[in-house]
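Asks: Structure for this input, please:
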Amino acid sequence: VSVKLLKFADDTTLLCLILDGKESAYRQEVKELAVWCSHNNLELNTLKTVEMIIDFRRNPPALTPLSIMDSTVATVETFKFLGSVISQDLKWVTHINSIVKKARQRLNLLRQLRKFNLPQELLKQFYSAII
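Replies: Prediction:
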């Protein structure tokens with residue numbers, strides 16, 4: 001099993017490559033992370049913890065749900081990682097759709113502000129700042 005632990009601010013991401021269906025090493029890594037957190041007075045919020053499985057086999061095997069400290073971890077199809085939406089199929093469609101949605105919302109806000117007859121320069125600054 002190849003394991004990479006990524007930390008950013010108060011988020012921790014554990015990336016594991018499981019070969020030949022040997023997921024016990026992956027589960028052991030998760031267990032060791034939970035123990036390390038406990039020993040260092042850090043609390044894992046299992047309600048915010050998710051697992052995303054990427055498997056390109058035609059018939060992927062059913063995996064046992066992951067548990068941390070007697071709490072079952074939710075399995076998700078998409079995950080937001082450092083501002084990028086990653087999906088199980090590793091395609092960009094979900095990420096692009098989220099960016100387009102956010103841009104549309106902000107453009108709508110700009111349209112609403114235009115109705116208040118604000119100076120053009122202020123609207124340009126707003127546009128540059130949020131879009």
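
Asks: lowest-pLDDT helix or strand in the protein?
Replies: strand 2-8 (a mean of 87; mean pLDDT, DSSP states H and E).

Asks: Tell me which residues of it come out buried.
Replies: Buried residues in strand 2-8, counting neighbours by 16 or more other C-beta atoms under 10 Å, are found at Val3. No exception for glycine: its C-beta is placed from N, CA and C like everyone else's.

Asks: and it, how far out from the chain's middle?
Replies: 14 Å (C-alpha atoms, centre = their mean, to the nearest Å).

Asks: How many residues are close by Gln125?
Replies: 11 (other C-beta atoms under 10 Å).

Asks: got the end-to-end distance for stretch 72-80?
Replies: End-to-end distance for stretch 72-80: 20 Å, by C-alpha to C-alpha, to the nearest Å.

Asks: pLDDT weak spots in the chain?
Replies: Low-confidence segments of the chain (pLDDT under 70): 1.

Asks: residue boundaries of the strands in it?
Replies: All strands of the chain, identified by DSSP state E, fall at 2-8, 11-17, 50-51, 67-68, 71-72, 74-75, 78-81, 84-87.

Asks: ok, the third one: who's next to it in the sheet?
Replies: Listed by DSSP bridges, the sheet partners of strand 50-51 and their directions read strand 74-75 (parallel).

Asks: need the contact list for the spatially closest residue to Lys31 that is not a sequence neighbour.
Replies: Counting by C-beta to C-beta, 6 or more residues apart in numbering, Lys31 lies nearest to Ile68, which is 7.9 Å off, once chain neighbours are set aside. By C-beta atoms under 8 Å, 6 or more residues apart in numbering, the contact list for Ile68 reads Val30, Lys31, Ala34, Leu44, Thr46, Thr49.
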